[in-house]
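give me the fold of what follows.
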Amino acid sequence: MTTIALTGGGTAGHILPCLALIPELKKHFIRIIHIGGDGMETELIPKAGIPLFQTKNVKFDRSNLLANLKIPFVLSAAATEAKNILKEQKVDVVFGKGGYAMLPTILGAHKLGIPIVIHESDYNMGLANKFASRYANAVLTSFPETKGGDYVGNPIRNSIFNGNKQRTIRSYDLNADKKTILIFGGSSGAKAINNVVFQTVKDLTEKYNVIHLVGKQEKRRLYMRGYVSIPYADNIEDLYAAADLIVIRGGANSLQEATMLGKRVVCIPLPKGSHSRGDQVDNALSYFNRGLIDVLPQEELTANALLKKIHTAINQKEHPITKDTPNGEIVKRIMDVIS
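Residues are numbered from 1 along each chain as shown. Predicted coordinates:
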């Protein structure tokens, strides 16, 4: 085959799994392109050396339902843009990773008769993938419990297994005799987690090194010995390697990466509300039920609760590392659809 179009965007959660598949995809395709909107794909895709093509954005607004009346008109125009891109680039198959940025490409591919494979990262299928599944030749899932698709697991970057702990210690001047806690709330950060970490950082640094990915939107900065504040990390594999415990949200990618590395995890999932359909809560519950993580609900998140949970979890036994990623199986499913 010649060309595959990856599609999805907005947050890193819809982009990094696509990038994880690239080494396997290169075994089968001469050319790989990405079609998305104006989210983090504009930064991450070019950095990976993949040509990026853009269409208009379509997004469901949970806080202002009237704003969604324009969706059919914007989606129709965006699908035409995607259709033209697919024709011009002579795309043979489309792989959609979820999120509203992929919908124009899915519709464009359907109109052209191009095979479509979609993948759902979360426990419950999102609106975009529910819509796209009616046009897909194959629907793949990350959780065995997810309905409406075939379970394969979540694409994982092989680079996460190649981190260098000592490089992190040297780069951030950490105390090699202390255990290290890595805290992050996804590519955009997490205000609720940041607020509590800022309250507890003095107590935390008495016993631990703290590496805190605060997100690009966070303007507050703290400077003290043993505490490192970073907006966004390109070297996450090194930070993973240094971490004795990871405090994270309930994104499917973060949970799978941390648990495949065998790390102790305290998960604070984003609760259901205007900014979430509650998928992170379900993701976290699945991992908790398998005995892989501890969970601290955001409704119970206080400085004392976080400290207590960290002190308990960091002394638990680490899990074994699992390097058997599903990347090869996912690409095999893509090739099966083509053949």
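
how about the helix or strand bottoming out on mean pLDDT in the chain as PDB, C-alpha atoms only?
Least confident helix or strand, the chain: helix 71-88 with a mean of 88, by mean pLDDT, DSSP states H and E. Presented in PDB, the C-alpha positions along helix 71-88 are these (Å, rounded to 0.1, in the frame of the first residue of the first chain):
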ATOM      1  CA  ILE A  71     -22.500  21.700  13.800                       C
ATOM      2  CA  PRO A  72     -24.200  20.200  10.700                       C
ATOM      3  CA  PHE A  73     -23.300  23.200   8.500                       C
ATOM      4  CA  VAL A  74     -19.700  23.300   9.700                       C
ATOM      5  CA  LEU A  75     -19.300  19.600   9.500                       C
ATOM      6  CA  SER A  76     -20.600  19.500   6.000                       C
ATOM      7  CA  ALA A  77     -18.100  22.100   4.800                       C
ATOM      8  CA  ALA A  78     -15.200  20.400   6.800                       C
ATOM      9  CA  ALA A  79     -16.100  17.000   5.300                       C
ATOM     10  CA  THR A  80     -15.700  18.500   1.800                       C
ATOM     11  CA  GLU A  81     -12.300  19.900   2.700                       C
ATOM     12  CA  ALA A  82     -11.300  16.400   4.000                       C
ATOM     13  CA  LYS A  83     -12.600  14.700   0.900                       C
ATOM     14  CA  ASN A  84     -10.500  16.900  -1.300                       C
ATOM     15  CA  ILE A  85      -7.400  16.200   0.800                       C
ATOM     16  CA  LEU A  86      -8.000  12.500   0.700                       C
ATOM     17  CA  LYS A  87      -8.300  12.600  -3.100                       C
ATOM     18  CA  GLU A  88      -5.300  14.800  -3.600                       C
END
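
buried sites along that helix?
Using 16 or more other Cβ atoms under 10 Å as the test for burial, helix 71-88 gives 75, 78, 79, 80, 81, 82, 83, 85, 86. C-betas here are computed from N, CA, C, even on glycine.

what does it rub up against?
Contacts to helix 71-88, defined as Cβ atoms under 8 Å, 6 or more residues apart in numbering, come from residues 5, 35, 53, 55-58, 60, 91, 94, 103-105, 107-109, 111-112, 114.

inside helices: which ones of the residues you listed?
Taking DSSP state H, the ones among the contacts of helix 71-88 that sit in helices are 103, 104, 105, 107, 108, 109, 111, 112.

can I get those in JSON lines including neighbour count?
Converted to JSON lines, the ones in helices among the contacts of helix 71-88 look like this (neighbours: other Cβ atoms under 10 Å):
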{"residue": "103", "neighbour count": "29"}
{"residue": "104", "neighbour count": "29"}
{"residue": "105", "neighbour count": "33"}
{"residue": "107", "neighbour count": "22"}
{"residue": "108", "neighbour count": "26"}
{"residue": "109", "neighbour count": "28"}
{"residue": "111", "neighbour count": "15"}
{"residue": "112", "neighbour count": "13"}
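
any idea which of those residues is closest to residue 193?
residue 103 (30.3 Å; Cβ to Cβ).

residues touching the closest one, list them.
Applying Cβ under 8 Å, 6+ apart, the residues near residue 103 are 58, 75, 78, 79, 128, 131, 132.

any chance of the residues you listed in CSV, plus distance to residue 21?
Shown next, in CSV, are the contacts of residue 103 (distance: Cβ to Cβ, whole Å):
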residue, distance to residue 21
58, 24
75, 26
78, 24
79, 24
128, 19
131, 22
132, 17
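
and those residues, which is closest to residue 254?
residue 128 (19.9 Å).

pLDDT score assigned to that closest one?
For residue 128, the pLDDT comes out at 90.

is it in contact with residue 105, as I believe?
No. Residue 128 is beyond contact range of residue 105, at 11.2 Å (criterion: Cβ atoms under 8 Å).

circling back to that earlier point, just the ones in helices among the contacts of helix 71-88 now: which is nearest residue 241?
So of the ones in helices among the contacts of helix 71-88, ranked by how close each gets to residue 241 (Cβ to Cβ), first place is residue 105, at 35.6 Å.

does that closest one touch residue 54 like I think?
No. Taking Cβ under 8 Å as the definition, residue 105 is not a contact partner of residue 54, at 10.5 Å.

overlap in contacts of those two?
residue 35.

kindly tell me how buried the nearest residue to residue 40 once chain neighbours are set aside is, as a neighbour count.
Nearest non-adjacent residue to residue 40, counting by Cβ to Cβ, 6 or more residues apart in numbering: residue 12, 5.3 Å away. Using other Cβ atoms under 10 Å, residue 12 has 21 other residues around it.

same check, this time on residue 279
That count, for residue 279 with other Cβ under 10 Å as the rule, works out to 21.

just the pLDDT at residue 232, thanks.
85.

count the neighbours of it for me.
Other residues close to residue 232 by other Cβ under 10 Å number 16.

wait, it touches residue 213, no?
Yes. At 6.7 Å, residue 232 and residue 213 qualify as touching, with contact defined as Cβ under 8 Å.
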